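Enquirer: here is a sequence with its predicted model. Questions after.
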Amino acid sequence: MTFEPKILGFLCNWCSYAGADLAGVSRIQYPPNMRVIRVMCSGRVDPVFIFKALLTGIDGVFVLGCHPGDCHYLEGNYEAEKKFIMVQKFLKIVDFDKRVRLDWVSASEGARFAQVVTEFIESIREQGPSPLSGESIDQELFNNLKAMENSVSSERIRALVGRERKITEVENEYGEKVPIEEFNTIFDEAIHDEFVRQRILLSLSTKVLSVKDLAAELKLDPSEILENMVKLKSRGEIDYQSIDGNTPLYMRI
Amino acid sequence: MSDKEEEPRIGVFVCSCGSNIGGLIDVKALAEYAKTLPNVVFTEDNLYTCSETGLAQIKNGIKDHNLNRVIVASCTPRTHEPLFRDCVKKEGVNEYLFNFVNIRDQNTWCHQKYPQEAFEKAKDLIRMGVAKAAKLEALENIIVDATPTALVIGGGVSGMTAALSLANQGFKTHLIERENELGGRLKTLYKLFPNDQEAQILLENLKKNVEGNKNLKIHTSAQVKNIEGFVGNFEIIVEEKGNNIDLTIGVIIVAVGTSLFTPTGYFGYDGKIRITQHELEDKLINNDVKAKDIVMIQCVGSRNDERAYCSSVCCMTALKNALILKENNPKANVSILFRDLYTPGTHYEDYYRRARETGVIFIEYSPEKVPSVEENQIKVFNEYLGEDLLIPYDLCVLSTPLVSNNDNKALAQMIKVPLEENGFFLEAHVKLRPMDFATAGVFVCGSAKWPVDITESISQGYAAAARASTIISHDTIEVEGATSFLPDYNKSLCTGCEVCINVCPYNAISKNEDDEIVITQVLCKGCGVCGATCTNHAIIIRHFTDQQILSEIFAYGGKEV
């Protein structure tokens, strides 16, 4: 049987949803692989939604908003873009970023809607079924995406992405404008750290493990694991459970 | 509303839309499929759900089966949601408990060669719609009273025009002028392009109308001291001649105009024989120009690193004044040194042509080699000749930009509207909403946005008045119930991080005196960005809640994760 991609689209009410309607009114044909969730603004798309969708085994997620400068809500699409870039940064860690896409379609671009949707469906078709679809799923990938979902749900990551435009385009609390490169460096580090921490938490929520066990499981350097465990312990999220010889074993609180 | 606790009883109506839907996919089978979904107690297919018959079927369905949620699977919510919402509302079901599933515009019309796939897609979409419907909550639209009174800040030509227009429409209007008389920049001008009208005659006529209008209250030597509240209900303190007055206002128009730029240090400006274009107007009013050799220099202090913008009025002012000088004294030599000349449209280009015919000399200079003004002559490098030209002068006129007012920032903070980088007021959208601010009920016109001429100031004054009257011509302001919301039970989640305040384009979110986040429902437009950004998931986006959207995702994905 040929693979038919299962695609979820988030469409903003004012531009891309209207563009999709126009494609219909104009009888422009495109493959029937996408299901649409209508939101008022692409900026409504919580990064959590994208991870949840991928975790269910949906093969690709498409977010469509108004063209830059044309947002019905003035700047919602810029906020959508910042969140989307963050989602991609996470997914890149596990080489899954090509399964999500953000694009702009105006209310008058029926043909463009059909075109970008067709292209996305074809791109997913080439990538093949999601390893999270079907009966037997890739559990390691599932855990990684789950840790990412928890990361984008975390206060630290949300605060960073929520402040990005203010910090880099206006000014921060101290009246300084942070160059985007500098912000990105901080952000990339935060993304990496938060992912590792959420991954550790996920593993420790079902098992009691040592730093070495975790390093093996997550395929990371033990020193990096330890560093993040110290943070998690100070945050009161994990604790020693027992000592195996000289090796402390940790658990999630 | 009690619907929240009530067990969902969902009715699904599948529309055939003649053959638009039913011609490709089996709507009866879809209705049968819908019956198998959780919480669905009644389904039906209709030839045209939007017809009288179809609407009656919905009403009967609600009555006979005690439905508390209604789904129509049909064309698109963008055209038909209001109709169906109204229909269910009449039958006692809250309009927000209606959900639309688009199986025509985004399905049968686009997959005409794939009936089986389109059928499967319709099933998925209905399943997602049912999942969301089960989570829908009843909402009420928010209605607030609107005070039918306007406040216009700035008594220049644009502000006077706006105020007069509103007053003539019957709205009580307060016009605030900082100086002790009305007029603004117009007071200081001689003749106006494009038809050489006497500025003072225009002003006198306008003032006469303004001062004679019984709906219009003029406050001179007055300034806005404080603004609180929101659209329809602004509480404003105005200081007039040292006394504070309290005003309750429905809409605000910002028409504060610009300030003049004094070009100290530019081209030996001395205010005597090296003066600004504006000072030349004053000399023309007083018939005080004796000079025979007049050189004008354009773009003095504008279109540079410090002020990147074009002041837009200076080319025309220079042409107009050059023509007046030539008319007053045809023997006078008038030269204009320019970087680029902007004379857009039919009337303005005509000025340029006339100026050339009259013998005004135009010499281009480049910003890299600006003219140097010496004691009795001006040296300007001519690119074409590749050498300096020496032009004698006894009057040098510098065309300086109009600049933003120093106190714009204070006013902008009071009204909670943004300024652009040069300190001018920034509209909501340059093309889609040019007279509006993002903040509801506040508008802008004239040179407060960027320098514009008198013609444009008048047009914008009318435009802002028209926009403002769309609000105060109603007794109340009704806004959709689907807004962002911070429920009491989520207040403990709020960390006070203020990202929601940062991302809200409408200033609908603020902190109260107890440092708590408050969402002013009437200002919220329901975009949902704050909810998607909230660092601790405290804000709920009504009608598009996390739970509702996740239920759609899971219904499609086939499992909850």
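Expert: Received it, and whenever you're ready, just let me know what you need. Numbers count the residues shown, from 1 in each chain, chains lettered A, B, ... in the order given.
Enquirer: ok, the residue lying closest to residue B:313 once chain neighbours are set aside - how many residues close by?
Expert: Of all residues not flanking residue B:313 in the chain, residue B:453 sits nearest, at 4.9 Å (Cβ to Cβ, 6 or more residues apart in numbering or on different chains). Glycine gets a C-beta too; all of them are placed from N, C-alpha and C. The number of residues packed near residue B:453 is 17, by other Cβ atoms under 10 Å in any protein chain shown.
Enquirer: does residue B:453 really touch residue B:314, like I thought?
Expert: No: Residue B:453 is beyond contact range of residue B:314, at 10.1 Å (criterion: Cβ atoms under 8 Å).
Enquirer: pull the longest helix from chain B.
Expert: helix B:115-135 (DSSP state H).
Enquirer: would you map out the domains in chain A?
Expert: Domains of chain A are assigned by automatic domain parsing as A:7-127, A:154-252.
Enquirer: pLDDT on the longest one, on average?
Expert: Mean pLDDT, computed over domain A:7-127, is 96.
Enquirer: over to the shortest one?
Expert: In this model, domain A:154-252 carries a mean pLDDT of 91.
Enquirer: and that domain, how far out from the chain's middle?
Expert: In terms of Cα atoms, centre = their mean, to the nearest Å, the centre of domain A:154-252 is set 16 Å apart from its chain centre.
Enquirer: now do it: distance from first to last residue.
Expert: This stretch, domain A:154-252, spans 16 Å end to end (Cα to Cα, to the nearest Å).
Enquirer: kindly report the same for stretch B:127-142.
Expert: OK, stretch B:127-142 end separation, Cα to Cα: 31 Å.
Enquirer: can you tell me if that stretch touches chain A.
Expert: Yes: counting by Cβ under 8 Å from any Cβ of the partner chain, chain A is contacted by stretch B:127-142 at residue B:128.
Enquirer: mind pulling the model confidence for residue B:240?
Expert: Reported pLDDT for residue B:240: 96.
Enquirer: not counting its neighbours along the chain, what's nearest it?
Expert: residue B:222 (3.9 Å).
Enquirer: how near is the one you found to residue B:155?
Expert: Distance, residue B:222 to residue B:155, using Cβ to Cβ, to the nearest Å: 9 Å.
Enquirer: likewise for residue B:198?
Expert: For residue B:198, the distance to residue B:155 - Cβ to Cβ - is 20 Å.
Enquirer: hey, where'd the strands end up in the stretch 1-150 of chain A?
Expert: Per DSSP state E, counting those that start in this stretch, the stretch 1-150 of chain A carries strands over the ranges A:7-12, A:34-39, A:60-65, A:100-104.
Enquirer: just want the residue of chain A that's nearest chain B.
Expert: residue A:56 (2.4 Å; Cβ to the nearest Cβ).
Enquirer: any idea which residue sits dead centre in chain B?
Expert: With distances taken as Cα atoms, centre = their mean, residue B:436 lies nearest the centre of chain B, 2.7 Å away.
Enquirer: and the closest residue to that residue other than its chain neighbours, how many neighbours does it have?
Expert: Nearest residue to residue B:436, sequence neighbours excluded (Cβ to Cβ, 6+ apart): residue B:428, at 4.5 Å. Residue B:428 has 21 neighbours, counted by other Cβ under 10 Å.
Enquirer: residue B:428 reaches residue A:72, doesn't it?
Expert: No: in this structure residue B:428 lies outside contact range of residue A:72 using Cβ under 8 Å: 10.9 Å.
Enquirer: what's the neighbour count on residue 16?
Expert: Just going to use chain A. Neighbours around residue A:16, by other Cβ under 10 Å: 33.
Enquirer: the intended chain is chain B.
Expert: Neighbours of residue B:16 under the rule other Cβ under 10 Å: 22.
Enquirer: gap between it and chain A?
Expert: 16 Å (Cβ to the nearest Cβ, to the nearest Å).
Enquirer: show me the contacts for residue 29.
Expert: No chain specified, so I'll use chain A. A:114, B:110-113 (Cβ atoms under 8 Å, 6 or more residues apart in numbering or on different chains).
Enquirer: chain B is the one I meant
Expert: With Cβ under 8 Å, 6+ apart, residue B:29 has these contacts: residue B:119.
Enquirer: pLDDT value on residue B:432, please?
Expert: 80.
Enquirer: got phi/psi on it?
Expert: Main-chain torsions, residue B:432, degrees, to the nearest 10: phi -80, psi -30.
Enquirer: what count of nearby residues applies to it?
Expert: Neighbours of residue B:432 using other Cβ under 10 Å come to 13.
Enquirer: could you measure it against residue B:286, distance?
Expert: Counting by Cβ to Cβ, the gap from residue B:432 to residue B:286 is 45 Å.
Enquirer: just residue B:73 next, same as before
Expert: Distance, residue B:73 to residue B:286, using Cβ to Cβ: 77 Å.
Enquirer: who has more neighbours out of these two?
Expert: Counted by other Cβ under 10 Å, residue B:73 and residue B:286 do not tie: residue B:73 has more neighbours, with 29 against 9.
Enquirer: and of the domains of chain A, who's closest to residue B:247?
Expert: domain A:7-127 (28.5 Å; Cβ to Cβ).
Enquirer: can you give the distance of that closest one from its chain's centre?
Expert: Counting by Cα atoms, centre = their mean, domain A:7-127 comes out at 13 Å from the chain centroid.
Enquirer: how far does that domain stretch from start to finish?
Expert: Domain A:7-127: ends 13 Å apart by Cα to Cα.
Enquirer: same question for stretch A:28-39.
Expert: End-to-end distance of stretch A:28-39 (Cα to Cα): 23 Å.
Enquirer: could you pull out the helices for the chain?
Expert: Here I'm looking at chain A. Under DSSP H, chain A gives helices at A:16-25, A:47-55, A:76-93, A:110-127, A:139-153, A:155-165, A:180-206, A:211-218, A:222-234.
Enquirer: actually, chain B is the one I wanted.
Expert: According to DSSP H, the helices that chain B contains are B:27-35, B:52-65, B:77-90, B:115-135, B:157-168, B:199-211, B:277-285, B:314-328, B:345-358, B:408-415, B:454-472, B:499-503, B:529-533, B:546-557.
Enquirer: dump those helices into JSON lines; add mean pLDDT as well.
Expert: Listed next are the helices of chain B as JSON lines, based on pLDDT from 0 to 100:
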{"stretch": "helix B:27-35", "mean pLDDT": "98"}
{"stretch": "helix B:52-65", "mean pLDDT": "97"}
{"stretch": "helix B:77-90", "mean pLDDT": "95"}
{"stretch": "helix B:115-135", "mean pLDDT": "98"}
{"stretch": "helix B:157-168", "mean pLDDT": "98"}
{"stretch": "helix B:199-211", "mean pLDDT": "97"}
{"stretch": "helix B:277-285", "mean pLDDT": "96"}
{"stretch": "helix B:314-328", "mean pLDDT": "97"}
{"stretch": "helix B:345-358", "mean pLDDT": "94"}
{"stretch": "helix B:408-415", "mean pLDDT": "92"}
{"stretch": "helix B:454-472", "mean pLDDT": "97"}
{"stretch": "helix B:499-503", "mean pLDDT": "94"}
{"stretch": "helix B:529-533", "mean pLDDT": "97"}
{"stretch": "helix B:546-557", "mean pLDDT": "98"}
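Enquirer: which among the ones you listed is found nearest to residue A:92?
Expert: helix B:529-533 (21.1 Å).
Enquirer: so how far is that closest one off the chain centroid?
Expert: On Cα atoms, centre = their mean, the centre of helix B:529-533 falls 22 Å from that of its chain.
Enquirer: so what sits opposite the residue nearest to the centre of chain B in the bridge?
Expert: residue B:443 (DSSP bridges).
Enquirer: how about chain B: which residue is closest to chain A?
Expert: For chain B, Cβ to the nearest Cβ, closest residue to chain A: residue B:557, 2.4 Å.
Enquirer: with adjacent residues omitted, what lies nearest to that residue?
Expert: residue A:56 (2.4 Å).
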